[in-house]
Structures are given as C-alpha cells and as structure tokens.
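Quick one, structure for this:
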Amino acid sequence: MTFFATYYIIIIERRKTKQENRGKRKMDLKLMRLVDEVLTELDDIGLEVKWRIEYKVNKRFKRTLGRCKRIYDGHYIIEISEMVLAGDGAYIKEVIAHEILHTFPKCMNHGKEWKRLA
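Predicted coordinates:
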C-alpha cells in the first residue's frame, strides 16, 4: 500500500461552531476511510498511486460530483462534493476511484488511456 504518497488534508476552521466542526470532521474521516479502501483496491489490481494527492470536501459543488486538479507534476488535489459524501459508500468509492484515475499519466481527460484503466 502506498500511503506515503497520499496524504489527507483536514482543515477545521476556528470561526465555525463546534457542531459545524464536528460535522466537517465526520465528513473528512468518512472521506479518508473510503479513500484508503479505494487505494487498497487499486493496489490489488496493480494500479499503484505513486504521487501526492490532497483530498478535500467541497461544499460549493452543486452539479459537480468530484474534480481532480493537477497542481504541478506529481501533485494533485481531488475535491469531492459534500452531497456525494451523504450518499451510499459504494457510490462514493466509485467517484473517488474515478477522480484518482485522472492522476495517472495521459488520463486528465476521458480519453483512450483513462477508459482503458476505468
């Protein structure tokens, strides 16, 4: 498992109430747990993630399920919609896996290589 290459960002804003922070922590922990499961499944089928990925929950997404942004070579940010995290675990893992596949070489769009891996 390549957890050293992937790390998690958990941001707790001080100006929010304790209840809002508690809800955010739950979402972040759920996201981390599901990302771990997806990375394990990808490793099991021979797709090893060897680069750094930050994972964030995005509250502003209304029509977007997730987004993968390349910050610079070997460093990505994956944002998952808060609405997606309210859903079924299998569906969330599917969205996470979809976004992680965009981090592989020649896979930033839904071209031939991305479809081959998916």
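
ranges for the strands of this structure?
Along the chain, counting by DSSP state E, strands occupy 52-58, 66-72, 75-81.

Which of those has the highest mean neighbour count?
Mean neighbours per residue, mean count of other C-beta atoms under 10 Å, is largest over the strands of the chain for strand 75-81, with a mean of 20. From N, CA and C alone the C-beta is placed, and that goes for glycine too.

List the strands paired with that one, with their directions.
In the sheet, strand 75-81 lines up against strand 52-58 (parallel), strand 66-72 (antiparallel) (DSSP bridges).

can you pull the buried residues of the longest helix belonging to the chain?
Selection of the longest helix in the chain by residue count, based on DSSP state H, yields helix 18-44. For helix 18-44, burial by neighbour count (16 or more other C-beta atoms under 10 Å) applies to 24, 27-28, 30-32, 34-35, 38-39, 42.

pLDDT score assigned to F61?
We have a pLDDT of 89 for F61.
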